[in-house]
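Colleague: predicted model, plus sequence, below.
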Amino acid sequence: MEPFRIFDFIIVGAGISGPFIADELCRAGADCLLIEAGKKYTRKTYPTNGLDGNSQLYWSGGLELGHDCKLAFLRPKVVGGGSIVNQALVDRFDADAWNSWRSQSGVDFFNVEDMAPWYDKAEDAIEIQEIPAKFRNKNAEIFDQGFKNMNYQNAPLRRAQSNCRLEEGNCCIECLNGCRLGSKQSTPETVLKTALENGLTLVSDTEVIRVEDNKGDIRVLGLEKGGGEAIFRGRHLVLGGGAIGNARLLLNSGFGKELPHIGKGFYCHPQFMSFGVYDEKINSHTGAFQAFKSDDTGFRKEGFKLENVYAGPEAIALLVPDFGLPHQEAMEKLSHFACIEVCTRDTHPGRIKVNRKGKALIRKVQNEEDRRRQDKGTRVIENIFKSTNAREIIHGRFGIGLHLMGCCAMGTDPATSVVSPDFHLHGHSHIFAADSSIFPNAPGINPSLTIMAMSKRAADAILKQTNYGQ
Amino acid sequence: MTYSTLPVSKYFSQAQLRGLIKAGDIMLPGTETSPAFSDTGCIDHMDKMAAYLSPDDLGGLRLLLFLFRWTPRWKIRLIFALCNRSGSFPGPLGAALRMLEIGIKGAVFSPYYANLTAPGYTGKKVHDAIDWHPKLVLREDELPEKAMSVNLEDPSSEDITAVYEKARAAQSEIRDWPVKKRVEFITALKAVILENQEYILDRLQADTGKSRFDAITAEIFGTLDFLDYLEKNAVKHLGDRKVPTPLALMGKSSKVFFEPLGTALLISPWNYPFYQAIVPITQAFIAGNAVVFKPSSATPLTGLVEELLAKASFKPGWVQVVYGSGSKVGDALVDGKPDKIFLIGSQSVGKHIMKKAAEHLIPVELELGGKDPMVVFDDVNIDRAVAGAVWGAFTTTGQSCTSVERLFVHENIYESFKETLIRETQKLVQKRDNDGSADIGPMCTRGQVEAIAAQVADAKEKGAVFLTGADWDGDSDLVPPMIVEGVTPDMLIDQEENFGPLLPIYPFSSESQAINLANDPEYGLSASVWSKDLKRADRVARAIYTGNVSINNVMLTEGNHALPFGGVQKSGFGRYKGEFGFYAFTNIKAILVDKDSKKMEANWFPYTPKKYQIFSDLTRALYSPKSIVNFVKFAISGLKLESYVGKLAKKGRD
Ligand SMILES: Cc1cc2nc3c(=O)[nH]c(=O)nc-3n(C[C@H](O)[C@H](O)[C@H](O)COP(=O)(O)OP(=O)(O)OC[C@H]3O[C@@H](n4cnc5c(N)ncnc54)[C@H](O)[C@@H]3O)c2cc1C
């Protein structure tokens, strides 16, 4: 970086929100710098085994544990963030999600109509496909059959993908370490690409450890991979580090006193996988390994949804109980496993704090209501497996949090929120955020499409407030 | 197969690895279908995971593994049983058990279920045991960067740029590693070569035609021996070194760092295509350089080096093999501006490359040909000296740069030596073999056959006498060993290096004459001196102007990898192998460490007459002959200088 260079915008975090906003800002002619802690991979350099995937694409080498070690969190750290490693399921929020956000936050535009055009714009930026029926694998068929048996409603999934060439026998599970086919609509394949074409400066392998706001003179301190420090200067700052990333950065930068809500209101849609073991081979890992989601009004009311999912053997091995021979014999039947997960819409917020070394500490418990939601869903899964003649049912050892949300909630009241409806930090007109951290509560729906839509809306608001490209 | 050797790890001690093996085998004891944890050797890959753990998590894991090392198995089982029931334990205890469960499962299951194994593992793969076979059909342009070979018949500048960009990117990964970590790859490579020995020999014979015995001794044994040397000595020679700091610089310390240069371009010839590939590649790699390697287009061993390196877990960009014709590709690679060029080859190629390199001021090291003399005095055991001469002249069909090319024999034993030499040479078995039964094989390239034929025709025409091999038709690639007498300075065979089984023999009558004859006006690679009188041998060895001399043996300095190798005059310059070889590819960096303080240095500004006077007293005291008086004088002026400099700093010039 040239000394004394001052960017119009410094964006921290190249996950989903960061690149979506950067793309718009660059298009408007602003001089932008995007800083990402993770590494930049290409289709040819993504890790090709589970060990490398977990250690190289996530913070802390894979899993982070909550304080009571009951939930494990997966926090992406790579250029592209969650869009590299996620399942790429894209859903719009329903009225229920928006209503609960609106009543919690007091933000008016949290409603289906106001957000619809922004969803349209987000969907225009990526390709979205439904998995054709003929490519559903056996795991999906069991899911579907079980739903029919029990009279529940399900729906085919919409995925952000362009061409998985499933007819050639490709297995999308391989793409959880980065899609080597370039089909998954990750930000490096989409908006980040155009942003770079429009002059974006991307600095990867650099973790932002402190930000300072001197009213229009933003200073960002980065820690490079080799251990060196780097200083960046800008006129405005956009935070796109995700729920934990933003909270940690703001707390480490001393914003906690002024904005006491930072770190509070952490949600994660705790997910619990269960496996049905069948006599015949299911080969859940083959083909488009996810094809259905639950679409049942009853489930929505009860606060959970079911997903037809799967994971790599390293992850499943962690969930399968026991050690020694019983474990190994169970794993040898892996190809006979079907898998369904309950994803709960958590009501009880957790909290992110930082310790003296600046490390994020995650405090997140499931209260009685959240456990009830989990149990309800788990019972339904058991019924589905039973109704489809599973011989045995295995429940995962612990829950996983991958939809990390909140900690910098948007709201009208600075006492109970962090980000204003204009997308800037309360009291800091030069610092913005529109990523998963601004979620006021758990919507119970896959978050990424909404992050894209909010980012589009935020970019528009930011450009208006800062008078760029007008 | 039980994997019993533990890897060298950057993050875990041997005790911790043993703890991991122990816990791993309790967790994954192996069944009829699945291998046990330790069987797979997946433990080799622990560092890849550890590198990304947070310091806290890594510390916790290391402690846990260390404890497992010294905990009886039944207790570990008990702990695991408790983990299974963590739900029934209250708050912190339950949390601790869950943390332990996830921690140890992560450490054991990740490498195991990621299907990773030790190099050379032949047992059942874990993904086969659990029937995990997700498919991904990649198009040509989507293939991961696995293949390290680049075939550039007619390279464009973009191709070359891509090669160097890849090398530079890859080098950033290995440059900061401790030497120990790079040694792990040398160890792995050694194992891979050993395991694939027969396959390598097949490939070598197919490309070079050399006898299988020549191939195994020079190329396999030699290579392994070199890797062994690296394994045992790299850390010693490439580790940071402290050097003394003189009294005048009291309070400071001095060190030397041995750092890589960057990307090394290595160009190798066709005569020892395997040895001359692996040795320079690993010599450059061990110092932390990325390598661009160009084998001879006559003996490319296409894909072999990459395949073996990949098996030893070398990553694609660390070493790239670029194929193609020397004139086109070699030039283009030099223009790609490597940080160092290392060439083993002929004089003409050496000159050409050096000229090109000069344009970019790239340092070069050249190992060129020789016209190596063998000097035999009259006090030797003739049978042994003859056997040495026959081997030295004809091994690998005379196609070594250090082959004996001129044999000088003392006149007192000349006739009997010659007779024995002819007899022994005629006993050599020459054919194409695949079982070790041939002494020598055919020539490697048609070009060499033609070059030898020209030298032979010229010598015959000018009156040289062929004592053996006179009936060679000048065409067959089974060029017979030829002992030639009566060679005169006007013959090509006397002027040019010969890369074939041609051995001119000359008599001499005095030590000084032998030295004069042995000292070639152009070349200076190796020589050998044979005499019972070791004092004489030592004298002659010093007087001969070459890079290497064997006494009472032939071509043997190369047999000890602790010795350097290289030539003088037109045989090239620079040394590789041995301690000095480590420096061929290093930036030897001087470091002087002083502390941050208020203190000013005496030699900094301002200069004043008073300071001048004290400094001059100090210089005189320090460098006059050592005595107590002088030392006291030095100490006094030292103190004076320091206090005066301190005063100047505070108050300025007086
Ligand atoms: C395995 C998995 C599967 C998922 N599946 C789905 C799905 O199917 N559908 C769906 O909608 N959602 C899914 N999600 C969730 C979704 O991916 C995330 O909600 C989304 O990526 C969040 O976007 P973001 O931009 O807020 O943050 P992220 O995508 O998490 O990006 C944040 C980026 O900021 C970087 N960063 C953080 N702090 C710093 C710092 N201090 N300095 C520099 N860089 C920093 C991080 O390294 C990261 O790359 C999944 C998540 C996971 C992990």
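Modeller: Right, received. Where do you want to start?
Colleague: burial count for B:Val380?
Modeller: Around B:Val380 sit 20 other residues, with neighbours defined as other CB atoms under 10 Å in any protein chain shown. For the C-beta atoms, the positions are set from N, CA and C on the backbone; glycine is no exception.
Colleague: for it, which non-adjacent residue is closest in space?
Modeller: By the measure of CB to CB, 6 or more residues apart in numbering or on different chains, the closest residue to B:Val380 outside its immediate chain neighbours is B:Trp530, 4.9 Å from it.
Colleague: again with B:Asp458
Modeller: Using CB to CB, 6+ apart, the nearest residue to B:Asp458 is B:Leu492, at 4.5 Å.
Colleague: try B:Trp391
Modeller: B:Val554 (6.7 Å).
Colleague: for whichever residue of the stretch 201-350 of chain B sits closest to chain A, give its distance to A:Lys44.
Modeller: When distances are taken as CB to the nearest CB, the stretch 201-350 of chain B approaches chain A most closely through B:Pro316, which lies 9.3 Å from it. Computed with CB to CB, to the nearest Å, the distance linking B:Pro316 and A:Lys44 is 10 Å.
Colleague: give me the residue from the stretch 151-300 of chain A nearest chain B.
Modeller: With CB to the nearest CB, the shortest gap between the stretch 151-300 of chain A and chain B falls at A:Cys171, namely 3.5 Å.
Colleague: does that residue touch A:Gln290 like I think?
Modeller: No. Counting by CB atoms under 8 Å, no contact exists between A:Cys171 and A:Gln290, whose distance comes to 11.5 Å.
Colleague: between these two, point out the one with more neighbours.
Modeller: For A:Cys171 and A:Gln290, the more surrounded residue by other CB under 10 Å is A:Gln290, and the numbers stand at 25 against 21.
Colleague: show me what contacts the residue in chain B that the ligand sits nearest to?
Modeller: In chain B, the residue that lies nearest the ligand is B:Tyr52 (12.7 Å; CB to the nearest ligand atom). When contacts are counted by CB atoms under 8 Å, 6 or more residues apart in numbering or on different chains, B:Tyr52 touches A:55-56, A:60-62.
Colleague: quick one on the thing from earlier: right, and the residue nearest to B:Asp458 touches B:Val456 too?
Modeller: No. Applying CB under 8 Å, one finds B:Leu492 not in contact with B:Val456, separated by 9.1 Å.
Colleague: of those two, who's got more company?
Modeller: Counting neighbours by other CB under 10 Å for B:Leu492 and for B:Val456 shows that B:Val456 has the greater number, 24 against 16.
Colleague: where's the more buried one relative to B:Glu485, distance?
Modeller: Where B:Glu485 is concerned, B:Val456 sits at a distance of 14 Å (CB to CB).
Colleague: related to what we said a few turns ago, now, which of the contacts of B:Tyr52 lie close to chain B?
Modeller: Filtering these for proximity to chain B by CB under 8 Å from any CB of the partner chain leaves A:55-56, A:60-62.
Colleague: now, which of these lie within strands?
Modeller: The members of these that map onto strands under DSSP state E are A:60-62.
Colleague: can I get those in JSON lines with neighbour count and distance to the ligand?
Modeller: Below are those laid out as JSON lines (neighbours: other CB atoms under 10 Å in any protein chain shown; distance: CB to the nearest ligand atom, whole Å):
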{"residue": "A:Ser60", "neighbour count": "20", "distance to the ligand": "11"}
{"residue": "A:Gly61", "neighbour count": "24", "distance to the ligand": "13"}
{"residue": "A:Gly62", "neighbour count": "26", "distance to the ligand": "11"}
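Colleague: a markdown table for those residues, including distance to A:Leu449?
Modeller: Listed next are those as a markdown table, based on distance: CB to CB, whole Å:
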| residue | distance to A:Leu449 |
| --- | --- |
| A:Ser60 | 27 |
| A:Gly61 | 29 |
| A:Gly62 | 26 |
